[in-house]
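Peer 1: Predicted model and sequence below, questions to follow.
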Amino acid sequence: MTSKIETTFKVNPEKVPLETDQGILESEERKWGLPLKEVYKHGLSFYKDKEGKAMHLSYEDKLKLVAYTQQIAHGPLNVNSAPPLGVLDVIGRDRRGAWQALGQMSQFQAMAGFVHTLDRLCPLFKPYLEAILKDLEAKKQQDLKRQEEERAHIELQNRIELEKQKQQSTKLTEEQQVQRIKDALNAQTYDQFLEYAQQQFPGNFDQQAVLIRQLQDQHYQQYIQQLAVDKRLANSNIKNKEDSDKDNDNSLVEIDDNLNRDDAGDDVDNKSMQTLEKTQISHYNEESKDEEDSDDDGFPAVEEARMWTRGEISSFKESARMGNGRLRVGQGETITIRVPTHPRARCICWEFASDNYDLGFGLYFEWRKSLTSEVTIHVSDSDEEDVEYDGYGGDDEEFTIQENSTDPEIGGDQRAESHSRPPVSQVVPLYRRDCHTEVYAGSHTYPGEGVYLLKFDNSYSLWRSKTLYYKVYYTQ
């Protein structure tokens with residue numbers, strides 16, 4: 001007779017509040033700081049890793065945890081579809097009984113029961129879960145920091161790219177402005193420079209083009225320098241005007257204060273002070289007008305000369321010598337070349353060089369109609385003509401600076417003997433030039449009818465004579 005062994009084993013499921021699945025999810029997440037599924041996943045891993053090592057559970061507790069895992073994985077037990085158990089499979093029968101005892105418990109309720117049971121049976125589970133939570137927080141912070149760094153890097157790259165584009169655009173705009181200025185200047189001076197280049201290199205078009213380009217570049221640099229000077233002068237004039245206006249306002253305020261100090265009831269005194277005020281203001285206006293009238297010397301402004309240097313000094317000296325453009329400037333002498341303006345020209349050009357040593361050079365314009373159209377040369381000793389220097393020294397020779405020059409041709413004190421000499425305007429200040437190392441050249445547009453004075457000065461040299469090579473010609 002076969003005997004059937006039956007074991008009755010009751011398992012009390014963990015008491016989980018009967019809530020909806022959504023309520024369970026929210027409640028568990030608030031408790032653990034993680035979604036319920038994540039908590040269950042870590043709990044199951046903890047149980048498999050630590051069971052029998054860090055924790056020792058009873059047989060009944062193990063059945064509970066296994067029943068929860070079966071309920072989560074397969075849902076409620078269906079006895080009809082479950083495979084039959086062997087007669088001696090006591091553990092399998094106990095597990096199936098514990099599973100069946102869970103009834104219709106939902107998947108989320110089973111997860112919550114598993115986590116609660118594991119937390120109750122093993123005190124190490126909660127610290128383990130907190131450590132995982134800290135690691136997740138640290139990883140999250142690292143991810144956020146990395147994302148911030150990547151975002152900042154991208155923004156920096158974008159700013160750099162925008163700045164490069166802005167600089168490129170600004171550079172193009174500046175280059176366009178520079179090119180427009182050069183084109184305008186070249187259009188004004190091309191004919192003049194072409195005529196000069198044809199005289200220097202007749203028949204050699206390549207050399208003419210190179211020389212024209214050099215002259216145009218130097219002309220542009222001089223134009224930019226003149227703009228900077230004009231800007232400084234304009235700013236200085238504006239500042240002076242503001243200071244003058246401020247002084248005028250202060251004087252008027254002082255007059256008003258004096259009026260306010262008098263008795264307001266005295267009509268006679270008030271009228272007297274008002275008359276005094278009007279008289280002072282009228283007197284100030286007349287003085288200002290007289291000062292403005294005194295600044296006008298009666299002559300138009302003289303434009304700045306255009307000057308440059310070039311090489312090929314040997315060929316220039318030979319050319320000047322063949323054209324009788326060679327002079328000897330003795331020690332202590334000053335040579336003045338008087339060049340009258342030509343009625344059919346509008347510009348004067350000059351070039352000069354010397355042998356071995358430097359020479360002083362300056363250009364002036366005499367406001368007097370010449371009786372002859374001939375170019376004349378005048379030689380004077382240092383005793384006859386004082387020279388004021390603005391520049392540098394060249395040789396080791398000594399020279400004397402005359403501080404109170406009365407020669408109107410060099411822009412000195414024109415108050416003395418102004419009645420006996422015609423007025424002279426300075427075009428190029430007189431100072432020493434290294435014309436023994438390169439050719440000095442320049443041009444100037446007529447300010448009116450008169451005589452140009454080209455001064456070549458050797459008065460500072462007491463022992464050495466100089467050889468001067470020069471060319472002077474007119475252009476349209």
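Peer 2: That came through, no problem. Numbers count the residues shown, from 1 in each chain.
Peer 1: Return the per-residue confidence for residue 95.
Peer 2: Per-residue pLDDT puts residue 95 at 86.
Peer 1: ok, now which ones touch residue 313?
Peer 2: By Cβ atoms under 8 Å, 6 or more residues apart in numbering, the contact list for residue 313 reads 353, 437, 438, 439. In this view, the C-beta of every residue, glycine as well, is placed from N, C-alpha and C.
Peer 1: what number of residues lie near the second one?
Peer 2: I take that to be residue 437. Neighbour count for residue 437, taken as other Cβ atoms under 10 Å: 14.
Peer 1: Wasn't it part of a strand?
Peer 2: No. Counting by DSSP: H, G, I helix; E, B strand; the rest coil, residue 437 falls outside a strand, being coil.
Peer 1: If we ignore the residues flanking it in sequence, what's nearest it?
Peer 2: Leaving aside its sequence neighbours, residue 437 sits nearest to residue 313 (Cβ to Cβ, 6 or more residues apart in numbering; 7.4 Å).
Peer 1: How much space separates the one you found from residue 109?
Peer 2: Separation of residue 313 from residue 109 (Cβ to Cβ, to the nearest Å) stands at 108 Å.
Peer 1: and what of residue 132?
Peer 2: As judged by Cβ to Cβ, residue 132 and residue 109 stand 23 Å apart.
Peer 1: What of residue 368?
Peer 2: Separation of residue 368 from residue 109 (Cβ to Cβ): 121 Å.
Peer 1: who's more crowded, these two?
Peer 2: Remark: of residue 368 and residue 109, residue 109 carries more neighbours, 23 against 14, as counted by other Cβ under 10 Å.
Peer 1: low-scoring pLDDT stretches of the stretch 301-450 of the chain, where are they?
Peer 2: Counting by pLDDT under 70, the ranges of the stretch 301-450 of the chain that qualify are 382-420.
Peer 1: do that again at 80, thanks
Peer 2: By pLDDT under 80, the weakly predicted segments of the stretch 301-450 of the chain are 381-421.
Peer 1: hey, where'd the strands end up in it?
Peer 2: For the stretch 301-450 of the chain, strands defined by DSSP state E, counting those that start in this stretch occupy the ranges 306-310, 326-329, 333-340, 347-354, 359-366, 376-381, 424-433, 439-445.
Peer 1: With mean neighbour count and distance to residue 468 as added columns, please give those strands in JSON lines.
Peer 2: Listed next are the strands of the stretch 301-450 of the chain as JSON lines, based on neighbours: other Cβ atoms under 10 Å; distance: least, Cβ to Cβ, whole Å:
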{"stretch": "strand 306-310", "mean neighbour count": "18", "distance to residue 468": "16"}
{"stretch": "strand 326-329", "mean neighbour count": "17", "distance to residue 468": "5"}
{"stretch": "strand 333-340", "mean neighbour count": "20", "distance to residue 468": "7"}
{"stretch": "strand 347-354", "mean neighbour count": "23", "distance to residue 468": "6"}
{"stretch": "strand 359-366", "mean neighbour count": "24", "distance to residue 468": "6"}
{"stretch": "strand 376-381", "mean neighbour count": "13", "distance to residue 468": "10"}
{"stretch": "strand 424-433", "mean neighbour count": "19", "distance to residue 468": "11"}
{"stretch": "strand 439-445", "mean neighbour count": "20", "distance to residue 468": "11"}
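Peer 1: I'd like the ones you listed as TSV, with distance to residue 22 appended.
Peer 2: Below are those laid out as TSV (distance: least, Cβ to Cβ, whole Å):
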stretch	distance to residue 22
strand 306-310	91
strand 326-329	112
strand 333-340	108
strand 347-354	98
strand 359-366	101
strand 376-381	115
strand 424-433	97
strand 439-445	95
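Peer 1: and of those, who's closest to residue 179?
Peer 2: strand 306-310 (20.4 Å; Cβ to Cβ).
Peer 1: Identify the residues contacting that closest one?
Peer 2: Under the contact criterion Cβ under 8 Å, 6+ apart, strand 306-310 has outside partners 211, 214-215, 218-219, 222, 428, 438-444.
Peer 1: For the stretch 151-300 of the chain, give me the ranges with low pLDDT.
Peer 2: For the stretch 151-300 of the chain, the stretches flagged by pLDDT under 80 are 171-172, 229-230, 232-300.
Peer 1: Tell me which stretches of it form helices.
Peer 2: Counting by DSSP state H, counting those that start in this stretch, the segments of the stretch 151-300 of the chain that form helices are 205-261, 267-295.
Peer 1: quick one, what contacts residue 95?
Peer 2: Contact partners of residue 95, counting by Cβ under 8 Å, 6+ apart, are 63, 66, 67, 70.
Peer 1: among the residues you listed, which ones are buried?
Peer 2: Among these, those buried by neighbour count (16 or more other Cβ atoms under 10 Å) are 63, 66, 67, 70.
Peer 1: Strands - which of those residues land there?
Peer 2: In strands, judged by DSSP state E, none of those are found.
Peer 1: could I get the residues you listed as CSV with pLDDT?
Peer 2: Formatted as CSV, the buried ones among the contacts of residue 95 follow (pLDDT from 0 to 100):
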residue, pLDDT
63, 87
66, 89
67, 88
70, 88
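Peer 1: Could you dump the residues you listed into a markdown table and include distance to residue 242?
Peer 2: Listed next are the buried ones among the contacts of residue 95 as a markdown table, based on distance: Cβ to Cβ, whole Å:
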| residue | distance to residue 242 |
| --- | --- |
| 63 | 100 |
| 66 | 97 |
| 67 | 97 |
| 70 | 96 |
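Peer 1: Spit out the contact partners of residue 209.
Peer 2: Contact analysis of residue 209 by Cβ under 8 Å, 6+ apart lists residue 197.
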